[in-house]
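S.K.: fold the following.
(4 chains)
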Amino acid sequence: MKINILAFGIAREIMGKQEFTLDIPSQSKVQDLLMMLENQFPKFKDLASKTIALNEEYVKMDREINPNDEIAIIPPVSGG
Amino acid sequence: MKINILAFGIAREIMGKQEFTLDIPSQSKVQDLLMMLENQFPKFKDLASKTIALNEEYVKMDREINPNDEIAIIPPVSGG
Amino acid sequence: MIKITDQPINISEVIELANADGAGAIDVFIGTVRNKTQEKQVTQLEFEAYEGMAVKELEKIAKSAKSKWPVEKIAIYHRKGILEIGEVAVVIAVSTPHRKDAFEACQFAIDTLKETVPIWKKEVFEGGEEWVSAHP
Amino acid sequence: MIKITDQPINISEVIELANADGAGAIDVFIGTVRNKTQEKQVTQLEFEAYEGMAVKELEKIAKSAKSKWPVEKIAIYHRKGILEIGEVAVVIAVSTPHRKDAFEACQFAIDTLKETVPIWKKEVFEGGEEWVSAHP
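M.R.: Alright, predicted model coming up:
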């Protein structure tokens, strides 16, 4: 299935753009997506942490991804 | 010796004025002055606490009073 | 910067006094006149200050805060005279490189102010008035 | 009241939003851009936000603070875009009946903001730039 991914901060710089499309197996989970991203963009492995938000919410690693979800890569936050 | 005393807040209301003169034995200490004030104005006994400042500083109870000191009665403070 | 004033306190002015290039954090405490004390409806408030000594004690607090925390700047303004509900009685602004110190130093300053600074608050409510904390 | 803005933050506006008649205490935290991070001389700073989610997370913080302390009102403004040294990045204002709660709730809010809100800070210094906290 095709999914759209948003990337912010250093993740956006690693991907080279804010928004892009990826083709992933259906029923993939958040942890699977993170692994695919690390394989495709090895610089992700250097980050102190990273997670995926679905529909503007933090979710668990075993949450299944739906192609309609708003998917975002969240590198270590540093607001304030 | 004659001394001038400043009184603030509820102490001012108990004395009836902000500033007044008292005749006390020479070499009186702070604790002696407090006792004299309690005897002369029994309402002082009802206060949660009281102390004397000399020359705009808190002092110890056994500090001797000099007639040139700026003497002030400090009832419980409640700023802020 | 320390000030006791009978004019309304300009909060921005106090914050500006605490602003420093090296500071990443400013904590500001604002004490306002509440409309209630326990069960009583307060209508107004009056602050009386032993001004010379109050300024000295506030300066001691500022100095003490600087000795305990890496304070860049500290400013304390206290109002005196008659205040209406909602008006600002005290503003303390403290800047430090890191936020934890700003919170601690600011809280220390207001806690110590309430213990040591010769300022007295009289609450006026329907049918009476009372010097706060005067009696046990 | 929650806001993420690319315009300079008006501190007085945030404080005014937190002001309440029942409150005796307002604690305000102001985070500013420091001129130094460790040894590096920072020249400017850039904040990027995942805005929709950041607003939601800030609203969670406000709700959580209200559930833990007797908060009357809370306002949080966060800046995004490019900031110069000394500019204000974040302002949090919390009002409560008593001061201890205001300090605690405000500190909780900024501590949690730094842990959960999807906003990213890039420091620009002489000869380089760096996303803060990105790498171990």
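S.K.: please put the alpha-carbon coordinates of stretch C:8-21 into CSV.
M.R.: Extracted C-alpha coordinates of stretch C:8-21, given in CSV (Å, rounded to 0.1, in the frame of the first residue of the first chain):
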residue,chain,number,x,y,z
PRO,C,8,0.2,50.4,39.6
ILE,C,9,3.1,48.0,38.8
ASN,C,10,4.0,47.7,35.1
ILE,C,11,4.7,44.0,34.8
SER,C,12,6.5,44.3,31.5
GLU,C,13,8.9,46.9,33.0
VAL,C,14,9.8,44.4,35.8
ILE,C,15,10.4,41.6,33.2
GLU,C,16,12.5,43.8,31.0
LEU,C,17,14.7,44.6,34.0
ALA,C,18,15.4,40.9,34.4
ASN,C,19,16.1,40.2,30.8
ALA,C,20,19.7,39.4,30.0
ASP,C,21,21.4,38.0,26.9
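S.K.: now do the helices in chain A.
M.R.: With DSSP state H applied, chain A shows helices at A:9-15, A:30-40, listed in chain order.
S.K.: swap in chain C?
M.R.: In chain C, helices defined by DSSP H lie at C:11-18, C:51-68, C:99-116, listed in chain order.
S.K.: for the first one, packing partners?
M.R.: Spelled out, that is helix C:11-18. Counting contacts by 3 or more CB pairs under 8 Å, 6 or more residues apart in numbering or on different chains; DSSP states H and E, helix C:11-18 packs against strand C:25-32, strand C:73-79, strand C:88-96, helix D:11-18. All C-beta atoms are positioned from the backbone trio N, CA, C, and that covers glycine.
S.K.: the inter-axis angle of the shortest one versus helix C:51-68?
M.R.: Just to be clear, that refers to strand C:73-79. Compare the direction of strand C:73-79 with that of helix C:51-68 by axes from the mean of the first three to the mean of the last three CA atoms, to 10 degrees and you get 150 degrees.
S.K.: for the helices and strands packed on helix C:11-18, give me TSV that also has mean pLDDT.
M.R.: Formatted as TSV, the entries for these read as follows, by pLDDT from 0 to 100:
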stretch	mean pLDDT
strand C:25-32	97
strand C:73-79	98
strand C:88-96	97
helix D:11-18	96
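S.K.: make TSV from the ones you listed and add distance to C:Glu104 and mean neighbour count to it.
M.R.: Putting the helices and strands packed on helix C:11-18 into TSV (distance: least, CB to CB, whole Å; neighbours: other CB atoms under 10 Å in any protein chain shown) gives the following:
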stretch	distance to C:Glu104	mean neighbour count
strand C:25-32	9	26
strand C:73-79	12	24
strand C:88-96	9	26
helix D:11-18	21	19
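S.K.: can I get these in JSON lines with distance to B:Asn39?
M.R.: Rendered in JSON lines, the data for the helices and strands packed on helix C:11-18 read as follows (distance: least, CB to CB, whole Å):
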{"stretch": "strand C:25-32", "distance to B:Asn39": "37"}
{"stretch": "strand C:73-79", "distance to B:Asn39": "34"}
{"stretch": "strand C:88-96", "distance to B:Asn39": "35"}
{"stretch": "helix D:11-18", "distance to B:Asn39": "50"}
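S.K.: about what we covered before: which of the helices of chain C is buried the deepest?
M.R.: By mean neighbour count, with neighbours taken as mean count of other CB atoms under 10 Å in any protein chain shown, helix C:99-116 ranks first of these at a mean of 21.
S.K.: tell me the helices and strands packed up against that one.
M.R.: Using 3+ CB pairs under 8 Å, 6+ apart as the test, helix C:99-116 ends up in contact with strand C:25-32, helix C:51-68, strand C:73-79, strand C:88-96, strand D:25-32, helix D:99-116.
S.K.: does chain B have contacts with the second one?
M.R.: Yes - contact between helix C:51-68 and chain B is present through C:Gly52, C:Met53, C:Ala54, C:Lys56 (criterion: CB under 8 Å from any CB of the partner chain).
S.K.: perfect, I'm done here.
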